[in-house]
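*Asks:* Got a predicted structure here, sequence first:
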Amino acid sequence: MTTATREQTGSTIVDVTGDIDMGTSPGLRKTLLESLKRSPRLVVNMRDVRYVDSSGIASLVEVLKEARNTQKKLILFGLNKAVQEVLQLTRLTRIFEIRETEEEALQA
Amino acid sequence: MTTATREQTGSTIVDVTGDIDMGTSPGLRKTLLESLKRSPRLVVNMRDVRYVDSSGIASLVEVLKEARNTQKKLILFGLNKAVQEVLQLTRLTRIFEIRETEEEALQA
Amino acid sequence: MSYDQGIEVRETPPASGPLSFRMKITSDPRLLPVVRSTVAEFAAIWGFEAEQCRKITLAVDEALSNVMRHAYKNRSDREIELNCQANADCLEFSFVDHGESADPARFCSQPLDDASLSGRGTHLIRQIMDEVCYQRQFGRNRLSLRKYLPGAKGKG
Amino acid sequence: MSYDQGIEVRETPPASGPLSFRMKITSDPRLLPVVRSTVAEFAAIWGFEAEQCRKITLAVDEALSNVMRHAYKNRSDREIELNCQANADCLEFSFVDHGESADPARFCSQPLDDASLSGRGTHLIRQIMDEVCYQRQFGRNRLSLRKYLPGAKGKG
Ligand SMILES: Nc1ncnc2c1ncn2[C@@H]1O[C@H](COP(=O)(O)OP(=O)(O)O)[C@@H](O)[C@H]1O
Ligand SMILES: Nc1ncnc2c1ncn2[C@@H]1O[C@H](COP(=O)(O)OP(=O)(O)O)[C@@H](O)[C@H]1O
C-alpha cells in the first residue's frame, strides 16, 4: 500500500493505492491521522484500493472518530466492490460519508 | 479455459477465455483442430486469454501446421501483453497471422 | 524433434476429483497478499463466483491475521501451516500454529457496533464461512473453515 | 472493548528482511493457475514490474509443468515441493520432486524453430531466469531458479 497527499480548496486528499491489511493499515492510520491534524476536511481516494480487511476498517473507524472529536470531516470516495462488500459485512456503510467521485467528495 | 465457437461469413471464430497451460491446452488443441476441419478460415479470439505457456504455444503451432497442410487459414486476434510476450520469447511472432481486432481478422 | 512426445502429452486426460495443497509460511504480514492471491484463484478454479471468491479470501486473511496477531503476538518469524482442500461440494482451509492458545469465548464476543476499533475479524469469518472449528491439541492450534459451493447438500 | 489492544496491534513496526514460504502441491495441472497467482503476487510485492512478474510466473509454471510431465509422467497424485524465497537482491524458487531423474543434456536441446511441437519450456526458463541449477540427490530432483532484481549486484 502507498499513499500520496494533495491539497485542494480547503480539503486534503489522500490517494491510497494497493491493499489495506494487517501489514499496511498501521501506515494508513498514521498518514490519515496526521493529515487530519492539518486540515478540516479529509478526503480519501479509494479508487486504487484493491482490498481492505478488518484492520483497515478499524483504522478508518479510528480516523472517523478523531474527525468527529475535532469537528472535522472525513469523506471516502471511489470504493470498489471489494471495499463496499467489507463495509456491508461489518455494517458500516452508513457511518461513513461515502461518495462516488472526487468531485462529489469535494462538494460534500 | 473455455471455448465458444461461432460462424461468420466463411470464417469460424473460436472465442477462448481463461488460461492456456499444460492442463487446458489439450482441450484447446482438440477444439481448434475440429473447427479447422469444418472451415477454410479459422479465427481465434484471444481477447480473454489471460495466460499462455509453452504447451499452449505448441498447440497453436500444431493447428497452424495443420492449416498449412490443408491450404486453410489460421488467424489470431486480440492478443494481450502476456500472450505477445510469450510469442516474442519463443520467436514466433512472425509465423502466425496476428490482427488486433475481430474486423481486421475477418478481412485478413 | 519429439513430435510423438508432444502428442502424447497433450492427450493426457484432464485430472478430476478433489484437489489439495499446503502452504507453510512465516507469520509475516508481508505474506498476506501472497496468500490472498493463492486463495482467490483456488476458489475461482473451484467454481465460486467473483464475489464469493473475494469473501472467502477475506475470511482466510482474517484467520491468518489473527494467528499472527494473537497466537504469535506479532512475532513475524513463526510458522503457520495452511492446508487448502477442494472437495466435490466445498472448500476447506485449516490453519495450524504453535502459538498461544485461543479462548473461543472471545470469538465474536464484541458486538459489531460503529465505535469499536477491533473485534470484527471473527465476525467476518463466521458470516462468510459455513463451518468454523477451533481445536487446541498437542500444543498446537488448529482452525478449520469450510465453505460449501452454492447448492451443495452440506450447506445449511 | 479492547481499545488498547487495537492500538498496540496497529503500531507494530512493519517486518523487513528476507521472506519465504513453501508450498506442497500434488502434481495436478489444475493447481498450475493457483501457483501462478501465488508467484505473480510474490514477485509483485518484492518490487518486480508487471512484465517481469509475468515472466517469472511463466518460468515457474514451465518448471512445474516439466515436473508433472517428465518427472512424474503425467501422474497427478505425486508430491511437488515449491520453496519460494525473497532475498534483498533476488527471488529464488526451488522445486523438489521424487520422480524420474532428468537428463540435463535435454534441457534447451531443441532449437527454437517454427516447426517444433515441444522443447520450448526449458528455453523460456533459461531466457527469463538468471540462474538455473538442476541436481539429483538422494532419489530427489531439485531444480533451483534465481531471478535478480533489476540493478542487483549478483546479476550477470
Ligand atoms: N488465532 C487466534 N489465537 C488467539 N486468539 C484469537 C485468535 N483469533 C481470535 N482470537 C481472539 O478473539 C478475539 C476476537 O478476534 P477478532 O474478531 O478477529 O478481532 P481482533 O483481532 O480485532 O481483536 C481476539 O481479540 C482474540 O482474543
Ligand atoms: N523436470 C524434468 N524432469 C525430467 N526431464 C525434464 C524435466 N524438465 C525437462 N526435462 C527434459 O528436457 C526436455 C526439454 O524440456 P522442455 O524444453 O520443457 O520441452 P518439452 O517439455 O516440451 O519437451 C524434455 O523433453 C525432457 O526430456
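*Replies:* Looks like it arrived, so ask away. Ligands and ions are numbered 1, 2, ... in the order given.
*Asks:* would you list every one of the helices in chain A?
*Replies:* A:25-38, A:54-69, A:81-89, A:102-107 (DSSP state H).
*Asks:* of all those, which lies closest to chain B?
*Replies:* For the helices of chain A, the distance to chain B is smallest for helix A:81-89, at 19.0 Å, taking Cβ to the nearest Cβ. To be clear about C-beta, it is placed using only N, CA and C from the backbone, and glycine gets the same treatment.
*Asks:* now the end-to-end length of stretch C:82-95.
*Replies:* This stretch, stretch C:82-95, spans 5 Å end to end (Cα to Cα, to the nearest Å).
*Asks:* how close does the most centrally placed residue in chain A sit to C:Arg54?
*Replies:* Closest to where the C-alpha atoms of chain A average out (Cα atoms, centre = their mean) is A:Val44, at 4.1 Å. Here the criterion is Cβ to Cβ, to the nearest Å. By it, A:Val44 lies 21 Å from C:Arg54.
*Asks:* just the residues of chain A that are near chain D, which are they?
*Replies:* Taking Cβ under 8 Å from any Cβ of the partner chain as the test, the list of chain A residues beside chain D reads A:22-27, A:29, A:55, A:58-59, A:62.
*Asks:* do stretch A:86-95 and chain C meet?
*Replies:* Yes: under the criterion of Cβ under 8 Å from any Cβ, stretch A:86-95 makes contact with chain C via A:86, A:89-92, A:95.
*Asks:* who wins for neighbours among those?
*Replies:* Greatest neighbour count in the residues of stretch A:86-95 next to chain C, by other Cβ atoms under 10 Å in any protein chain shown, goes to A:Val86: 24 neighbours.
*Asks:* so what pLDDT did the residue lying closest to that residue once chain neighbours are set aside get?
*Replies:* In this structure, A:Val86 finds its nearest non-sequential neighbour in A:Val52, 5.4 Å apart by Cβ to Cβ, 6 or more residues apart in numbering or on different chains. On the pLDDT scale, A:Val52 is placed at 98.
*Asks:* who's in contact with A:Val52?
*Replies:* Applying Cβ atoms under 8 Å, 6 or more residues apart in numbering or on different chains, one finds that A:Val52 lies in contact with A:19-21, A:82-83, A:86.
*Asks:* Tally up the residues packed near the closest residue to A:Arg47 other than its chain neighbours, please.
*Replies:* Excluding its sequence neighbours, the residue lying closest to A:Arg47 (Cβ to Cβ, 6+ apart) is A:Gly78, at 3.3 Å. Residue neighbour count, defined by other Cβ under 10 Å, stands at 19 for A:Gly78.
*Asks:* Look up how far B:Arg29 lies from A:Gly78.
*Replies:* Counting by Cβ to Cβ, the gap from A:Gly78 to B:Arg29 is 43 Å.
*Asks:* Likewise for A:Ser39?
*Replies:* Counting by Cβ to Cβ - A:Ser39 and B:Arg29 are separated by 60 Å.
*Asks:* Between these two, which is the more surrounded one?
*Replies:* The neighbour comparison of A:Ser39 against B:Arg29 (other Cβ under 10 Å) goes to B:Arg29, with 23 against 18.
*Asks:* my guess is that one contacts B:Glu62, does it?
*Replies:* Yes: applying Cβ atoms under 8 Å, one finds B:Arg29 in contact with B:Glu62, separated by 6.3 Å.
*Asks:* residues from chain C in reach of ligand 1?
*Replies:* By Cβ under 6 Å from any ligand atom, the residues of chain C that approach ligand 1 are C:66-67, C:69-71, C:102, C:106-107, C:118-123.
*Asks:* can we see that at 8 Å?
*Replies:* Proximity of chain C to ligand 1 (Cβ under 8 Å from any ligand atom) is limited to residues C:62-63, C:65-67, C:69-71, C:95, C:97, C:99-103, C:106-110, C:117-125, C:134, C:141, C:143.
*Asks:* now check whichever helix or strand C:Gln52 is part of, is it near chain A?
*Replies:* Per DSSP states H and E: C:Gln52 is located in helix C:50-66. Yes: Helix C:50-66 reaches chain A (Cβ under 8 Å from any Cβ) through C:51, C:54-55, C:58, C:61-62, C:65.
*Asks:* Any buried residues in that helix, and which?
*Replies:* C:52-66 (16 or more other Cβ atoms under 10 Å in any protein chain shown).
*Asks:* what's the closest of the residues you listed to A:Glu34?
*Replies:* Closest approach between the buried residues of helix C:50-66 and A:Glu34, by Cβ to Cβ: C:Ser65, at 24.3 Å.
*Asks:* what are the pairing partners of the strand ranked longest in chain A, and which direction each?
*Replies:* The residue-count maximum for a strand in chain A (DSSP state E) belongs to strand A:41-52. Using DSSP bridges, the strands paired with strand A:41-52 are strand A:11-20 (parallel), strand A:73-77 (parallel).
*Asks:* I'd like those strands as CSV, with distance to D:Ser76 appended.
*Replies:* Below are the strands paired with strand A:41-52 laid out as CSV (distance: least, Cβ to Cβ, whole Å):
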stretch, distance to D:Ser76
strand A:11-20, 33
strand A:73-77, 46
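*Asks:* Quick check: which of those strands is nearest to D:Lys24?
*Replies:* strand A:11-20 (25.7 Å).
*Asks:* in that closest one, what's buried?
*Replies:* Here strand A:11-20 shows A:11-16, A:18-20 as buried, counting by 16+ other Cβ under 10 Å.
*Asks:* What is the nearest of the buried residues of helix C:50-66 to chain A?
*Replies:* Of the buried residues of helix C:50-66, the one sitting nearest to chain A (Cβ to the nearest Cβ) turns out to be C:Ser65, at 4.1 Å.
*Asks:* Spatially nearest residue to that closest one, not counting backbone neighbours?
*Replies:* Closest to C:Ser65 by Cβ to Cβ, 6+ apart is A:Met22, at 4.1 Å.
*Asks:* my guess is A:Glu66 meets A:Ser35, correct?
*Replies:* No: checked against Cβ under 8 Å, the pair A:Glu66 and A:Ser35 is beyond contact range at 10.8 Å.
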